[in-house]
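S.K.: this one's sequence-less:
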């Protein structure tokens, strides 16, 4: 006889399939749905302060039921916008005013951007978008259950990495302010609460419940209550319990792929303590991890850590004492897949992740291409790393062609005019009060069949990270120069380096202007490769000149000095992340700041102390 969980799963699969079939029809009719989404957004926002300023009521009345006329009127009457156009509305909203960008009572939270390429921004999140999220989640569950059925076995567990922030910000009227990843935490809390009430529910209610009738995470609910005190304490605890479930862990999930790498960084830094904790089930009182956990929660976790597992501890010690490629898969022997936010300039992280997990683990991107502004795309097949379709159930999308990027008032094109192989900047209008908002995200169209939604890759973000004289070097231009430099370096010197991470800053000293790149490399040949520093720095300089015409002009005129390359010590970027958390950044949002903010000299000092300069002038006669 099927267990309660198996009965629940069979019921859910039917609902998941219904969601899948619904979204198949959306994809086939995506162009029209994109237009109708615009109408839905305008109807919901027409009575807000900004909606009235844009005269949305008049626009809707003029168009009546002609959706194409509505699109034309909207395009003519509503200007393309940026964060500067809404930041005052956002701040007033946080201060307690209502009905500014989003109707009264519709703000579920204020999502805060990470500020990777600039300063952090705040955006309201409209609660009316949640039903569309749930449909896409159900669709993903259906596809995963078809492709990876063992993920849904009763014994299968998921290691979900999430670090709860120690402080919580709220608006004047008590609405949460912080990273959108808070919804991961809220979901685990809701699931745990549901299980506590399970005995009060009828058999039918259990079988038709939104949550499975068993806990499917590798770590107990209490592990998600551990606060992040700057040492990734939550990750340590979640990993420790996952190791106890190592043969049941089928998937690992995190907000970004960089968080997945943090998981393995935590293991490498703390494996001896983990071995001790598993072998004895009695963590040391002076442990830098455990001592930062409140006494009551610490006691609960220690009780759940029982019994001691000396055999498991010995196995982990054997693996970690001689780290070889694929060591992560040796720790989690039944791991099938990872899932995290990816695409664009995050893709280089998978090279290192592949070295840790090997080729048998499937790397999946997140369900959504999502930012603090809202959902912009959905994973085209729910398992690809970097292939999306426009999120037409969440926003109305437009495109800015490459020849319009530098225009103050660029001409936008509808998504049905997209051409395969072309690059476009994405523009969205959504329920969060954004109208024709420039994302600065550049996408590349990779597939397109007439009538259906185009498939695209997230290519890069146009934000400038290096600039002195309007050269405006972007993150993608720097990353491309570094990656090409590594590839050519490996070819010429017969080495096998990969990029761990990079960041940059712009400086001037005694009227000398220059840019600095901090680069951490890893040798895949047991760290025996010798780095030809002068060749490497020369290659990067050459490729930067190729990638950015204005950088080349300013270098040729000697207004800019040669790029300064600093090779980072192993672990430098882990120290940088720790410093960001100590400064108040949430660990789920800690992405390497590609441009180190000048207002945070502490971060620059950490990178300088943990790196060595290459003097490119040594190569100049």
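M.R.: Perfect, I can see it now. Keep in mind that what you see is a predicted model, and the values were worked out from it rather than measured.

S.K.: Next one: residue 464 from residue 297, what distance?
M.R.: 44 Å (C-beta to C-beta, to the nearest Å). (C-beta placed from N, C-alpha, C; glycine too.)

S.K.: Looking at those two now, which is surrounded by more residues?
M.R.: Taking other C-beta atoms under 10 Å, residue 464 and residue 297 do not tie; residue 464 has more neighbours (19 against 15).

S.K.: List the contacts of the more buried one.
M.R.: By C-beta atoms under 8 Å, 6 or more residues apart in numbering, residue 464 lies in contact with 117, 472, 473, 474, 595.

S.K.: What pLDDT is listed against it?
M.R.: Here the pLDDT value assigned to residue 464 is 75.

S.K.: Show me what it is bridged to.
M.R.: Beta-bridge pairing for residue 464 (DSSP bridges): residue 474.

S.K.: okay, now residue 14: neighbour count?
M.R.: If you count neighbours by other C-beta under 10 Å, residue 14 ends up with 9.

S.K.: typo on my end, residue 376
M.R.: Neighbour count for residue 376, taken as other C-beta under 10 Å: 22.

S.K.: Wait, a strand at it?
M.R.: Yes. The assignment for residue 376 by DSSP: H, G, I helix; E, B strand; the rest coil puts it in a strand.

S.K.: just to revisit the earlier point, take the contacts of residue 464 and write them to TSV, including pLDDT, neighbour count and distance to residue 181.
M.R.: Putting the contacts of residue 464 into TSV (pLDDT from 0 to 100; neighbours: other C-beta atoms under 10 Å; distance: C-beta to C-beta, whole Å) gives the following:
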residue	pLDDT	neighbour count	distance to residue 181
117	49	19	19
472	80	17	30
473	87	23	30
474	85	23	26
595	83	22	23
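
S.K.: any idea which of the residues you listed is closest to residue 336?
M.R.: Within the contacts of residue 464, proximity to residue 336 (C-beta to C-beta) peaks at residue 117, which comes in at 33.6 Å.

S.K.: so what are the domain limits for the chain?
M.R.: Here the domain parsing of the chain from automatic domain parsing is 4-127+397-461, 149-335, 464-619.

S.K.: now the nearest residue to residue 344 once chain neighbours are set aside: how far from residue 403?
M.R.: Counting by C-beta to C-beta, 6 or more residues apart in numbering, the nearest residue to residue 344 once its immediate chain neighbours are dropped is residue 458, at 4.2 Å. Applying C-beta to C-beta, the value for residue 458 to residue 403 is 21 Å.

S.K.: follow-up on the earlier one: mind putting the domains of the chain in TSV, distance to residue 359 included?
M.R.: Below are the domains of the chain laid out as TSV (distance: least, C-beta to C-beta, whole Å):
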stretch	distance to residue 359
domain 4-127+397-461	22
domain 149-335	8
domain 464-619	14
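
S.K.: Ok, which of those domains comes nearest residue 341?
M.R.: In terms of C-beta to C-beta, the element of the domains of the chain nearest to residue 341 is domain 149-335, at 4.5 Å.

S.K.: which parts of stretch 314-328 are buried?
M.R.: Neighbour counts over stretch 314-328 (16 or more other C-beta atoms under 10 Å) mark 315, 316, 317, 319, 320, 323, 326, 327, 328 as buried.

S.K.: Kindly present the contacts of residue 464 as TSV, with separate columns for distance to residue 505.
M.R.: TSV is the format used below for these (distance: C-beta to C-beta, whole Å):
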residue	distance to residue 505
117	13
472	15
473	12
474	15
595	7
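
S.K.: Pass me the low-pLDDT residue ranges in the stretch 151-300 of the chain, would you?
M.R.: For the stretch 151-300 of the chain, the stretches flagged by pLDDT under 70 are 165-168.

S.K.: ok, 80 please
M.R.: In the predicted model, the stretch 151-300 of the chain carries pLDDT under 80 at residues 164-169, 179-183, 229-231.

S.K.: Which stretches in the stretch 251-400 of the chain count as strands?
M.R.: Ranges of strands in the stretch 251-400 of the chain, per DSSP state E, counting those that start in this stretch, are 337-341, 362-365, 368-371, 374-379, 388-390, 395-401.
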